[in-house]
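1. Pasting the sequence and the predicted coordinates here, then a few questions.
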Amino acid sequence: MMAMPIMIQGTMSNVGKSILTAALCRIFKEDGFSVAPFKSQNMALNSFITEDGLEMGRAQVTQAEAAGIKPLVSMNPILLKPTNDKGSQVILNGEVFGNMTAKEYYENKLKFIPYIMEAYNFLSGKYDIIVIEGAGSPAEINLKEDDIVNMGMARLVKAPVLLVGDIDRGGVFAQLIGTIGLLEKDERKYVKGLIVNKFRGDKEIFKQGVRMLEEKAGKPVIGVIPYVHFDIDDEDSLSERFYNKERGGVLDIVVIKLPRISNFTDFNAFERFGEVNLRYVRKANEIKDPDMVIIPGTKNTQGDLLWLRENGIEVKIKTLARKGKVIFGICGGFQMLGEEIYDEGSENKGGVRGMGLLPVKTNFMSEKTQTRVNGKFLSIGGVLKDLSGEEFEGYEIHMGVSDIIGDLKNMSVLYSDNFSDGKGDGISVGNVYGTYTHGIFDRENVIYKIISSLMREKGINNSSCSKIFNMREYKERQYSLLADTVRKNIDVDFIYKILRGGI
């Protein structure tokens with residue numbers, strides 16, 4: 001038997017489609033069904049490497065966790081990773097298909113339908129329910145002719161649709177009613193219900209609004225979901241984490257918000273400690289005098305390095321490094337900290353001088369590294385010396401090979417013992433650290449040692465550092481809280497009727 005599908009579409013980006021998809025996955029799991037998420041085409045710079053070395057969108061990984069299953073690349077057969085304002089690297093079934101301009105992709109995207117259906121049918125044969133997530137809005141009338149991710153996807157698998165609007169940003173009536181109005185007649189029949197998301201205040205006051213929505217849109221409002229903060233990985237660069245204000249923690253950690261920042265979920269673990277004030281900054285004067293600076297991954301290493309240089313951020317980072325502050329580069333950030341970056345043509349052909357804080361040279365080639373990493377820190381120095389011997393896990397996604405140059409006398413290889421191939425990678429010199437591993441901060445022992453070390457360096461009694469907690473159990477509690485909140489504020493019985501074709 002094939003799975004029962006249901007689809008979450010939104011009136012625009014960032015209305016909460018990804019989180020609500022995760023919520024339904026957890027609700028169905030709690031009710032005894034086997035369930036999997038699916039998104040035919042995702043555009044995001046947050047990605048993940050599966051156990052078999054394939055790349056997929058991070059949102060579908062989060063949804064799979066909520067469903068209690070391992071992430072499979074078939075949950076996201078097409079991933080678009082923007083390289084600039086006009087083009088993206090196309091990841092097909094977890095591997096690089098090639099770089100395309102937006103025009104080239106739109107001219108060819110119908111050719112991807114067989115791959116989409118192959119992935120969907122694989123999941124449909126394994127699970128009871130498939131929760132499908134749309135992208136952006138189904139009412140982009142200039143793009144919908146060749147749509148493969150919203151109503152085009154709903155048609156392919158005959159999926160009933162729940163349409164979500166965001167009331168927090170205002171205009172939810174125009175969002176929902178306008179979207180329904182712009183759909184074709186045969187598309188409207190797929191929309192079975194409306195959801196108002198991110199509601200603040202007394203829902204009793206909104207009852208008249210619900211009646212008006214139902215009257216004008218001709219569809220029932222099946223849920224008004226309150227605005228609640230859940231510590232669950234975000235989908236894209238619209239993340240509210242970027243705009244978090246200072247929380248008053250004793251430690252100030254700065255993440256440089258690069259124009260093409262990728263995998264910023266690497267740093268979510270810091271926010272789970274009250275001692276840390278984690279800030280994302282885009283200007284040199286916003287950096288101030290932090291305890292640690294993190295340069296994250298990027299989909300355009302050379303371009304973002306030049307942006308750092310032009311905006312005075314590179315000078316600020318070098319000044320802090322000379323003062324002995326901790327500088328930590330991950331993936332593209334690691335490459336930027338080196339002596340030189342040479343690109344044979346994968347991003348921007350030619351060479352660019354690096355920051356010169358780590359003795360490495362990076363050469364970009366056509367091959368892409370995609371692998372899971374399990375390892376441990378070797379004997380490293382500097383403020384973070386307590387990490388020596390600690391085990392960690394994560395994954396690598398990068399187009400480049402970094403070679404250590406010069407005398408190893410005053411430096412340390414950062415980690416080794418990759419269980420799959422025994423390699424060593426990464427490097428540290430003084431208080432400057434670089435690694436290719438995404439997720440390196442996610443293990444409880446690693447994040448605890450970093451925070452306690454920074455507190456000690458600052459002269460604060462690190463015995464008061466928050467206790468280590470089990471990250472897996474913590475995530476499970478967050479998914480359960482999400483499901484409980486949504487279940488209490490949505491008509492679950494109506495959803496089951498939709499699934500069974502009763503509506």
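-> It's in.
2. Longest helix in this structure, please.
-> helix 471-488 (DSSP state H).
3. Please pull up the helix or strand immediately following the worst-scoring helix or strand of the chain on mean pLDDT.
-> Within the chain, no helix or strand scores below strand 412-416, which has a mean of 55 by mean pLDDT, DSSP states H and E. Counting by DSSP states H and E, the element after strand 412-416 in chain order, helix or strand, is strand 425-429.
4. Quick one: list the elements packing against whatever helix or strand comes next after that following strand.
-> Moving toward the C-terminus from strand 425-429, the next helix or strand (DSSP H and E) is strand 432-435. Packed against strand 432-435 by the contact rule (3 or more CB pairs under 8 Å, 6 or more residues apart in numbering; DSSP states H and E) you find strand 326-330, helix 332-336, strand 412-416, strand 425-429. Quick note: C-beta positions are derived from backbone N, CA and C, even for glycine.
5. Partner strands of strand 432-435, with direction?
-> Strand pairing for strand 432-435, determined by DSSP bridges: strand 326-330 (parallel), strand 425-429 (antiparallel).
6. can I get those strands in JSON lines with distance to P220?
-> As requested, those are exported to JSON lines (distance: least, CB to CB, whole Å):
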{"stretch": "strand 326-330", "distance to P220": "46"}
{"stretch": "strand 425-429", "distance to P220": "54"}
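7. quick one on the thing from earlier: by mean pLDDT, show me the worst of the helices and strands packed on strand 432-435.
-> Mean pLDDT is lowest for strand 412-416 out of these, coming in at a mean of 55.
8. got any ranges where the stretch 201-350 of the chain has weak pLDDT?
-> Residues of the stretch 201-350 of the chain meeting the criterion pLDDT under 70: 234-247, 345-349.
9. Across the sheet, point out what pairs with I49.
-> Assigned bridge partners for I49, using DSSP bridges, are E55.
10. what's the spacing between it and Y395?
-> Remark: distance between I49 and Y395 (CB to CB, to the nearest Å) = 4 Å.
11. Can I get stretch 325-340 in CSV? Just the C-alpha atoms.
-> Extracted as CSV, the C-alpha positions of stretch 325-340 are listed here (Å, rounded to 0.1, in the frame of the first residue of the first chain):
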residue,chain,number,x,y,z
LYS,A,325,41.0,36.2,21.7
VAL,A,326,39.6,32.9,20.5
ILE,A,327,39.0,32.8,16.7
PHE,A,328,37.3,29.7,15.4
GLY,A,329,36.7,29.1,11.6
ILE,A,330,34.4,26.4,10.3
CYS,A,331,34.6,25.1,6.7
GLY,A,332,34.6,28.3,4.6
GLY,A,333,35.6,30.3,7.7
PHE,A,334,38.6,27.9,8.2
GLN,A,335,39.6,28.4,4.6
MET,A,336,39.5,32.2,5.0
LEU,A,337,41.8,32.0,8.0
GLY,A,338,44.6,30.5,5.9
GLU,A,339,47.3,32.0,3.7
GLU,A,340,45.7,31.7,0.3
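12. I'd say T298 and N263 touch.
-> No. Using CB atoms under 8 Å, T298 makes no contact with N263, being 9.3 Å away.
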